[in-house]
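Chemist: Give me a model of this one.
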Amino acid sequence: MTKLRVGIVVFAMLLMGAAGANGQEMALQNSDRVVFYGDSITAQRLYTRFVEDFVLTRYPLMHVSFWNAGVPGDTVYGGYTGDVPTRLKRDVFPHQPTVISMMLGMNDGYYMAFNPKYFEIYKDGYRKLLDSVQAGPPAARITLISPTPYDEVTHGTEFAQYNDVVSHHAAFVKELAASSHLVFSDFNLAETNLLQAGTRENRELSALLVPDRIHPGEASHWVMAAALAHTWGLSPIVSSVKLDAVKGKLVTAENTQVDSLKQLLIVNGLSAPRYTLQIDAKKVASFTREQLASGVNLALISTPMESQAKGVDGIELKRTRLDEARFILCIEDPKAANEDDAGKAIEAKDAALAEEQRKAALPKPHRFELIPE
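Modeler: Next up is the predicted model:
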């Protein structure tokens, strides 16, 4: 059987300061220092972890640092680990953030039906919190995030009509962002759409999207992370390549550099019905010529690039656990007796892991081969 082998070596060149989604300017810049401020939903350390994964896997040459400042039970006035001035002085400003995201509002209605009095307290507290953040050193670019919905869609309710309260909070945050000319990311809309779609598809499984009606599950956090990544202009494309099999040449390459494009047999196009795709001499998938002509999304199959990304996320998970340990040892009461030593040890380990993670995210060359079946 005659075989067409299209062998190319591709290695991603995801450059610092590259254009974001749809060519829009990215909200993140090289050397940015990002702090996520919020309540227990931020303290789950899931959407925050996934956003960092987005940055690491799409812009590995950018140097962006992230810190989680989520505290369970927090409101716009603070909570059990301290009021707003304490929280900002201890959890935010020491990192000298250039970007701060804020998501609060789930706990501010006190899990009862809508009460205009508490709504005004929430709005007043949010404005004061924003003023305090904007006055902090140094001045940071701020993203306001609407609170996620209280799930009364997929499995009933424990606090009747509480989602109406959270919806009021979400609408206020959106209006405040617009009037203050701040970046806004609508987690409430993204999660509401997810819950409604999930209920239509499978009501029983959709109840797992927000298992306790308050804290989104891991799948939901992926949707939240995607919403924030889109808001910040992060490109969803890792890399994209288009080849002309007839002329044996590269047509377009986005976020990647293509070398050594070779056709060992000149043909008039892809004539075989199906082709096996090998990456680094290993079979990863089989495609029809029609699929290849229209374009295939390698993010949907298991590839060496996926394995690399999982390795990056595995290190991120370790760093997330370290951050949670630091919170328990150094912030929650009662604090550990040796909190200073423990905090320094955790910081040193995290720094080492961050360096390992950046190296793991660097672009690698891969050899692609298409072989007729």
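
Chemist: Point out where the stretch 1-150 of the chain drops to low pLDDT.
Modeler: 1-24 (pLDDT under 70).

Chemist: I meant the stretch 251-373 of the chain, not that one.
Modeler: For the stretch 251-373 of the chain (pLDDT under 70), the answer is 253, 255-270.

Chemist: for it, what spans make up the strands?
Modeler: For the stretch 251-373 of the chain, strands defined by DSSP state E, counting those that start in this stretch occupy the ranges 256-263, 274-279, 282-288, 365-372.

Chemist: Would you mind giving these as a markdown table with distance to residue 204 and mean neighbour count added?
Modeler: (C-beta placed from N, C-alpha, C; glycine too.) Formatted as a markdown table, these follow (distance: least, C-beta to C-beta, whole Å; neighbours: other C-beta atoms under 10 Å):
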| stretch | distance to residue 204 | mean neighbour count |
| --- | --- | --- |
| strand 256-263 | 42 | 14 |
| strand 274-279 | 37 | 18 |
| strand 282-288 | 32 | 14 |
| strand 365-372 | 41 | 18 |
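
Chemist: now those strands in TSV, with distance to residue 198?
Modeler: Conversion of the strands of the stretch 251-373 of the chain to TSV gives the following (distance: least, C-beta to C-beta, whole Å):
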stretch	distance to residue 198
strand 256-263	35
strand 274-279	33
strand 282-288	28
strand 365-372	36
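
Chemist: Ok, which of the ones you listed comes nearest residue 149?
Modeler: strand 282-288 (37.4 Å; C-beta to C-beta).

Chemist: tilt between the closest one and strand 365-372?
Modeler: 50 degrees (axes from the mean of the first three to the mean of the last three C-alpha atoms, to 10 degrees).

Chemist: and the angle for strand 282-288 with strand 274-279?
Modeler: Orientation check (the same axes, to 10 degrees): strand 282-288 against strand 274-279 gives 150 degrees.

Chemist: Which other helices and strands does strand 282-288 contact?
Modeler: On a contact count with 3 or more C-beta pairs under 8 Å, 6 or more residues apart in numbering; DSSP states H and E, strand 282-288 meets strand 274-279.

Chemist: Show me how the chain divides into domains.
Modeler: 1-18+237-373, 23-231 (automatic domain parsing).

Chemist: Just give me the residue right at the centre of the chain.
Modeler: residue 51 (2.1 Å; C-alpha atoms, centre = their mean).

Chemist: Residue 225 is in contact with that residue, correct?
Modeler: Yes: with contacts counted by C-beta atoms under 8 Å, residue 51 reaches residue 225, the gap being 4.9 Å.

Chemist: on that earlier part again, quick check: which of the domains of the chain is buried the most?
Modeler: Most buried of the domains of the chain by mean neighbour count (mean count of other C-beta atoms under 10 Å) is domain 23-231; its value is a mean of 18.

Chemist: Residue 123 versus the residue nearest to residue 254 when sequence neighbours are not counted, what's the distance?
Modeler: Ranked by C-beta to C-beta, 6 or more residues apart in numbering and with sequence neighbours excluded, the top spatial neighbour of residue 254 is residue 240, at 4.2 Å. Distance from residue 240 to residue 123, counting by C-beta to C-beta, to the nearest Å: 44 Å.

Chemist: Find the residue closest to residue 229 in space, skipping its chain neighbours.
Modeler: Leaving aside its chain neighbours, residue 229 sits nearest to residue 54 (4.6 Å; criterion: C-beta to C-beta, 6+ apart).

Chemist: Then that neighbour would be within a helix, right?
Modeler: Yes: the assignment for residue 54 (DSSP: H, G, I helix; E, B strand; the rest coil) places it in a helix.

Chemist: Helices of the stretch 101-250 of the chain, start to end?
Modeler: Along the stretch 101-250 of the chain, counting by DSSP state H, counting those that start in this stretch, helices occupy 116-135, 162-180, 187-201, 203-206, 218-231.

Chemist: Of those helices, which is nearest residue 83?
Modeler: Closest to residue 83 of the helices of the stretch 101-250 of the chain, according to C-beta to C-beta: helix 116-135, at 10.3 Å.

Chemist: so how far is stretch 133-141 from its chain's centroid?
Modeler: Here stretch 133-141 is found 23 Å from its chain centre; the criterion is C-alpha atoms, centre = their mean, to the nearest Å.

Chemist: okay, how far is it across it, tip to tip?
Modeler: Distance across stretch 133-141, first residue to last, is 10 Å (C-alpha to C-alpha, to the nearest Å).

Chemist: what residues does that stretch touch?
Modeler: The contact list for stretch 133-141, computed with C-beta atoms under 8 Å, 6 or more residues apart in numbering, reads 27, 35, 37, 88, 92-93, 96-100, 102, 142, 183.

Chemist: rewinding a little: now do the residue nearest to residue 229 against residue 41, distance only.
Modeler: As judged by C-beta to C-beta, residue 54 and residue 41 stand 18 Å apart.

Chemist: you'd agree residue 166 is up against residue 147?
Modeler: Yes: judged on C-beta under 8 Å, residue 166 makes contact with residue 147 at a distance of 5.5 Å.

Chemist: got any residues that touch both of those two?
Modeler: Contact criterion C-beta under 8 Å, 6+ apart; residues shared by residue 166 and residue 147: 105-106, 188.

Chemist: Same list (those) but as TSV, adding distance to residue 68.
Modeler: Shown next, in TSV, are these (distance: C-beta to C-beta, whole Å):
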residue	distance to residue 68
105	18
106	17
188	20
